[in-house]
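>>> just a sequence and a predicted model for now, questions to come.
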Amino acid sequence: MPVWSSLTPLASALDDLAQRFGLSVKLLEHRLQRQWPAIVGEHVAAHTRPESIRFKKLYVIVDSSVWVQQLAFLKPSLLAGINTAAGSSIVTDIVLRVGEVEHEAIVDHDSKNVSMKTCVTRSLNQEALTEVHRHAEAVEDLDIRAHLIEVMARALANPSDPKKFP
């Protein structure tokens, strides 16, 4: 059991606890998901989503086989960026799988703004997107507003999809 003093930095104590309870990998997964565009770049992030880390392998969902092939060539630089963000060489390989890439709404609590950088909203025209934001602006809670915008955008983008509502 680690020994902490009153001078132990909180971050260090939390890291020790995460290690002790086996949460380090889950915390890294969460950090990768939140910082993915900054780590791999906006263009790559628009077509990918980190899913999980198992046995030092990062599983990434990619929206097409063309992108899987492209990212296979970029694995060394992606690994370097991921491990730099992690602060250690915790990921040794990347497993790429084709699947549905959905991103969440981005909430800026400082400016009280909600924006959508998703594949769904790119398929909507500007008029539809403006209408979605207009209907959602009455919702004061930014997280609920973001979720509402996401649901409405999915419904407009693909009205016949039964999985559009979470």
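Thanks, I have it. Owing to the predicted nature of the structure, the values given are computational and were not obtained by experimental measurement.
>>> what about Q126, neighbour count?
Look at Q126: counted by other CB atoms under 10 Å, it has 7 neighbours. Placement of C-beta: from N, CA and C, glycine included.
>>> tell me which residues touch it, please.
Contacts of Q126 were listed using CB atoms under 8 Å, 6 or more residues apart in numbering, and none were found.
>>> and it, how far from V139?
Distance, Q126 to V139, by CB to CB, to the nearest Å: 21 Å.
>>> domain assignment for this structure?
19-98, 106-157 (automatic domain parsing).
>>> any idea of the mean pLDDT for the last one?
The average pLDDT for domain 106-157 rounds to 67.
>>> please renumber so the chain begins at 39
Sure, I'll start counting at 39 from here, so that last one is domain 144-195.
>>> ok, then the element right after the helix ranked longest in the chain?
Across the chain, the helix with the greatest residue count (assigned by DSSP state H) is helix 103-124. Using DSSP states H and E, the helix or strand that follows helix 103-124 towards the C-terminus is strand 131-136.
>>> list the buried residues of that next one.
132, 134 (16 or more other CB atoms under 10 Å).
>>> report how many residues lie close to D181.
Count around D181 with other CB under 10 Å applied: 13.
>>> which SS state does it fall under?
On the three-state scheme (DSSP: H, G, I helix; E, B strand; the rest coil), D181 is labelled helix.
>>> next one: Y97
With three-state DSSP as the basis, the three-state label of Y97 is strand.
>>> so the nearest residue to it once chain neighbours are set aside is in which element?
Nearest residue to Y97, sequence neighbours excluded (CB to CB, 6 or more residues apart in numbering): E89, at 4.5 Å. Assigned by DSSP H and E, E89 belongs to strand 86-92.
>>> flag every buried residue along that strand.
Buried, per 16+ other CB under 10 Å, within strand 86-92: 86-89, 91.
>>> and these, which is closest to M190?
Nearest to M190 among these: R87, at 21.0 Å, using CB to CB.
>>> the closest one contacts P75, doesn't it?
No: at 10.7 Å, R87 and P75 do not qualify as touching, with contact defined as CB atoms under 8 Å.
>>> please consider this matter closed, and thank you.
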